[in-house]
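J.: Sequence below, structure please.
(one chain, ligands or ions: 3)
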Amino acid sequence: MKDTSLLLLLSVLFCCSTNSARLTVTPSSSQVFAGEPVSLRCEDGWTVRRNTSIGNRTQCGDWGRSAGSSCTIDFMLPRESGVYWCESTEGSTSNTTTITVSESCPPCDEGR
Ligand SMILES: *[C@@H]1O[C@H](CO)[C@@H](O)[C@H](O)[C@H]1NC(C)=O
Ligand SMILES: *[C@@H]1O[C@H](CO)[C@@H](O)[C@H](O)[C@H]1NC(C)=O
Ligand SMILES: *[C@@H]1O[C@H](CO)[C@@H](O)[C@H](O)[C@H]1NC(C)=O
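T.: Ligands and ions are numbered 1, 2, ... in the order given. This is a model prediction of the structure:
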């Protein structure tokens, strides 16, 4: 009896805390071109993180313009392709999105 209600409580907690964590990406396409801006928005109090070839689990402040729970990258580079998600201070994570940045002009120099 007690075990059953504990299990029920745990599944409710797991269900709803997972569903409340969302990442919204603008533009919604996962395919962007070098030089294009991308904006990512989390729920209040969550921070945007990413895994790319140049760093794992890095925070928006390291590579984007952070404004509250939003993050904007003005100029995407091909090496910024990777997995993006939101993370709470307790370490919960939202759904992830994969963003692929392709070269828009050959060769596209990073310094430009
Ligand atoms: C995350 O999930 C929410 C709700 O299902 C959805 O609205 C949102 O577009 C998803 N975000 C990404 C980046 O897939
Ligand atoms: C990120 O993690 C992957 C898988 O663990 C690893 O292969 C890669 O070297 C890491 N990249 C960086 C920049 O730490
Ligand atoms: C990000 O990279 C870390 C370290 O390699 C890995 O443990 C983690 O699962 C990755 N997260 C995502 C969402 O890919």
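
J.: Show me where this protein has its helices.
T.: 2-20, 60-63 (DSSP state H).

J.: Flag every residue of this protein that's near ligand 2.
T.: 54-56 (C-beta under 6 Å from any ligand atom). Quick note: C-beta positions are derived from backbone N, CA and C, even for glycine.

J.: repeat that for 5 Å
T.: With the criterion set to C-beta under 5 Å from any ligand atom, the chain comes near ligand 2 through 55-56.

J.: Could you list the low-confidence segments of the chain?
T.: Applying pLDDT under 70 to the chain picks out residues 1-20, 105-112.

J.: from memory Glu80 sits against Asp62, does it?
T.: No - with contact defined as C-beta atoms under 8 Å, Glu80 does not reach Asp62; the gap is 11.5 Å.

J.: What is the burial count for the residue in the chain that ligand 1 sits nearest to?
T.: In the chain, the residue that lies nearest ligand 1 is Thr97 (3.4 Å; C-beta to the nearest ligand atom). Other residues near Thr97 number 16, with proximity taken as other C-beta atoms under 10 Å.

J.: Then Cys42?
T.: Neighbours around Cys42, by other C-beta under 10 Å: 23.

J.: For Ser104, see how far away it is.
T.: 28 Å (C-beta to C-beta, to the nearest Å).

J.: if we can go back for a sec, so if I had to pick from Glu80 and Asp62, which one is more boxed in?
T.: In terms of neighbours (other C-beta under 10 Å), Glu80 is the more surrounded of Glu80 and Asp62; the figures are 22 against 10.
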